[in-house]
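> Take a look and give me a structure for this.
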Amino acid sequence: MNARMLLAIVVLIAAAVASWLLSRQTGDDARPAPPRDSASLGYYLKNARILGTDVDGRQLYEINAQSAEQVGENRIEFADVSIRYSPESDVPWSVVADSATLMPDTEQVRLTGHVRALSSEGFSGNDTEIRTDVLIINPVAYTAETNERVQIRIGARSLTATGMIASLNDNRLKLLSNVSGKFVP
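The predicted structure is shown next:
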């Protein structure tokens with residue numbers, strides 16, 4: 001064996017040892033995951049059911065959702081959501097939407113995506129349906145409002161408008177602008 005060949009073998013062995021040491025260092029030096037702040041963990045629920053109560057602690061309304069997730073410290077987001085008043089509240093309205101956000105500090109629920117409010121005893125005592133893309137409900141105050149385009153069907157009559165304020169417990173409705181409608185006798 002000549003000196004050149006011996007030198008090449010030594011260099012190859014040194015390279016193999018160095019490579020092995022580097023791979024062991026990065027493999028053994030696995031960094032632990034950064035600690036999570038427990039306040040940011042929140043919660044996640046499937047098939048969630050949340051009950052809202054009045055000032056006396058009686059059930060006022062119920063929120064059902066396919067999922068609910070706490071976002072931040074004071075916000076809850078829902079997917080595939082429905083809101084129904086309890087029979088004791090004597091408010092015959094139910095609301096469905098693709099998603100909703102509950103802000104506990106304001107007692108309001110912001111519904112978005114294919115929002116439909118339905119009542120068999122709605123305005124003028126007729127079946128009533130309200131459709132919009134965004135609806136803000138205060139279930140404790142029995143109000144619903146939007147600044148978006150709204151379609152309203154009251155029996156055989158239909159209206160469209162931009163913006164609406166509704167009082168659900170006494171079936172009052174105020175359309176804000178661009179009102180047009182179709183009334184069939």
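
> For this protein, give me the ranges with low pLDDT.
1, 4, 6-7, 10-11, 25-41, 104, 122-124, 183-185 (pLDDT under 70).

> Now do the strands in it.
Assigned by DSSP state E, the strands in the chain fall at 44-53, 59-71, 75-85, 93-103, 108-119, 128-138, 143-154, 157-167, 172-182.

> What residues of the shortest one count as buried?
Looking back up the chat, that one is strand 44-53. Of all the residues in strand 44-53, those buried under the rule 16 or more other Cβ atoms under 10 Å are Ala48, Ile50, Gly52. (Glycine included, C-beta is placed from N, CA and C.)

> Take the residues you listed and lay them out in a markdown table including distance to Met5.
As requested, the buried residues of strand 44-53 are exported to a markdown table (distance: Cβ to Cβ, whole Å):
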| residue | distance to Met5 |
| --- | --- |
| Ala48 | 74 |
| Ile50 | 78 |
| Gly52 | 85 |
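
> nearest to Asp105, of the residues you listed?
Gly52 (14.4 Å; Cβ to Cβ).

> For the closest one, which non-adjacent residue is closest in space?
Leaving aside its chain neighbours, Gly52 sits nearest to Tyr61 (4.5 Å; criterion: Cβ to Cβ, 6 or more residues apart in numbering).

> wait, isn't the one you found in contact with Ser82?
No: contact criterion Cβ atoms under 8 Å: Tyr61 and Ser82 do not qualify, at 10.5 Å.
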